[in-house]
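Undergrad: build me a model:
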Amino acid sequence: MPIFEYICDDCGTKFEKLVRQNGDALACPKCGQAHLTTALSTFATHSNGKAKASQFPACPGGMCQTPEICGRD
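TA: Reported below is the predicted structural model:
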């Protein structure tokens, strides 16, 4: 059962919802309206230390376009 993030188009409230079935009715918990936009979810991770660059897989083109995202900076 995935957790989705939504933003209410009417009042701007951002909230999460555990969706049990595709047909679940959704409404903003603040204003009760159903005009919602699905938000991009982010996640957090924890590690015991910084990995060495040699432990990362190489980018297909050999040059990473987003080193700040993949950790190869």
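Undergrad: pretty sure residue 29 is touching residue 13, no?
TA: Yes: counting by Cβ atoms under 8 Å, residue 13 is a contact partner of residue 29 at 7.0 Å. Yep, even glycine has a C-beta here, placed from its N, CA and C like the rest.
Undergrad: compare the two (neighbour count), which wins?
TA: Neighbours were counted for residue 29 and for residue 13 using other Cβ atoms under 10 Å; residue 13 has more, 15 against 12.
Undergrad: what bits of this structure have low per-residue confidence?
TA: Where the chain drops to pLDDT under 70, the residues are 1, 22-24, 42-46, 49-73.
Undergrad: so where do the strands sit in this protein?
TA: Taking DSSP state E as the criterion, the chain carries its strands at 3-8, 14-18, 36-38.
Undergrad: okay, those, which one's buried deepest?
TA: Of all the strands of the chain, strand 3-8 has the most neighbours on average by mean count of other Cβ atoms under 10 Å, namely a mean of 16.
Undergrad: what comes into contact with that one?
TA: The contact list for strand 3-8, computed with Cβ atoms under 8 Å, 6 or more residues apart in numbering, reads 13-19, 26, 28, 30-31, 33, 35-41.
Undergrad: out of the strands of the chain, nearest to residue 47?
TA: Minimum separation from residue 47 across those (Cβ to Cβ) falls at strand 3-8, 22.9 Å.
Undergrad: using PDB, write out every CA atom in the closest one.
TA: What follows is strand 3-8, C-alpha atoms only, in PDB (Å, rounded to 0.1, in the frame of the first residue of the first chain):
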ATOM      1  CA  ILE A   3       1.800   6.500   0.500                       C
ATOM      2  CA  PHE A   4       1.200   9.300  -2.000                       C
ATOM      3  CA  GLU A   5       1.700  13.100  -1.500                       C
ATOM      4  CA  TYR A   6      -0.900  15.600  -2.600                       C
ATOM      5  CA  ILE A   7      -1.300  19.300  -2.800                       C
ATOM      6  CA  CYS A   8      -4.700  20.900  -2.600                       C
END
